[in-house]
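Visitor: model this:
(chains A and B)
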Amino acid sequence: NAGVTQTPKFQVLKTGQSMTLQCAQDMNHEYMSWYRQDPGMGLRLIHYSVGAGITDQGEVPNGYNVSRSTTEDFPLRLLSAAPSQTSVYFCASRGVSGELFFGEGSRLTVL
Amino acid sequence: DQQVKQNSPSLSVQEGRISILNCDYTNSMFDYFLWYKKYPAEGPTFLISISSIKDKNEDGRFTVFLNKSAKHLSLHIVPSQPGDSAVYFCAAYYNAGNMLTFGGGTRLMVKP
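Guide: Prediction:
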């Protein structure tokens, strides 16, 4: 039972580079979301999706794009990475009882 | 401005004693609250939740209390075990359940 799978686990980028963090879930959940975790800030919502073809902004969406072409996948794109985007990123999907199931995280460093 | 706050960044408790983790919120529109536990290098895992229509929910060693008038919730762990050592996040839903906002976390250390 894979749950929520994120790739890559670690990534180092230079300022201005672009990349995509991949997220896939095998629980047939309609709701998926991306969070970033920074020291003392908890987890902050970047973008979320309530189903294929539907996405919306969270608390800190600037600098990130998302799309949802299938129920299973919810990639997060950084178009031009900045040092302020150095963080640990978590993808999550939501079960019927409202709890989120998180992936193991992707640690991104932008130099 | 954080709408969910955990004012204690860390807490140290002796094994077998009670751990009490606190959380305050400012948005009266929050209607569902959750606690998550996080170990290093892992994603957060769901622990326990409570609806705003209740004031207590219990699951084994874990109990969550909600005081709506004070906009305060707490997580009690009894008895505490060394395996409970982790970072604990409280979280609250709003926007028709589409946005879950988290507190900054409290690091719990349970000493043998």
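
Visitor: Now residue 12: closest residue in space that isn't a chain neighbour?
Guide: Let's take chain A. Spatial nearest neighbour of A:Val12, excluding adjacent residues (Cβ to Cβ, 6 or more residues apart in numbering or on different chains): A:Thr109 at 4.8 Å. C-betas here are computed from N, CA, C, even on glycine.

Visitor: To clarify, I was referring to chain B.
Guide: In this structure, B:Ser12 finds its nearest non-sequential neighbour in B:Met109, 4.7 Å apart by Cβ to Cβ, 6+ apart.

Visitor: and the residue nearest to A:Val12, how many neighbours does it have?
Guide: 13 (other Cβ atoms under 10 Å in any protein chain shown).

Visitor: In terms of secondary structure, what does whatever helix or strand it lives in contact?
Guide: Per DSSP states H and E: A:Thr109 is located in strand A:106-110. In this structure, strand A:106-110 packs against strand A:10-13, strand A:19-25, strand A:87-94, with contacts taken as 3 or more Cβ pairs under 8 Å, 6 or more residues apart in numbering or on different chains; DSSP states H and E.

Visitor: where do the strands sit along chain A?
Guide: A:4-7, A:10-13, A:19-25, A:32-38, A:42-51, A:54-57, A:64-66, A:76-78, A:87-94, A:100-102, A:106-110 (DSSP state E).

Visitor: so what pLDDT did the residue in chain A that chain B sits nearest to get?
Guide: Closest approach between chain A and chain B, counting by Cβ to the nearest Cβ: A:Phe102, at 3.3 Å. Listed pLDDT for A:Phe102 reads 96.

Visitor: Could you find the closest non-adjacent residue to it?
Guide: Closest to A:Phe102 by Cβ to Cβ, 6+ apart is B:Gly43, at 3.3 Å.
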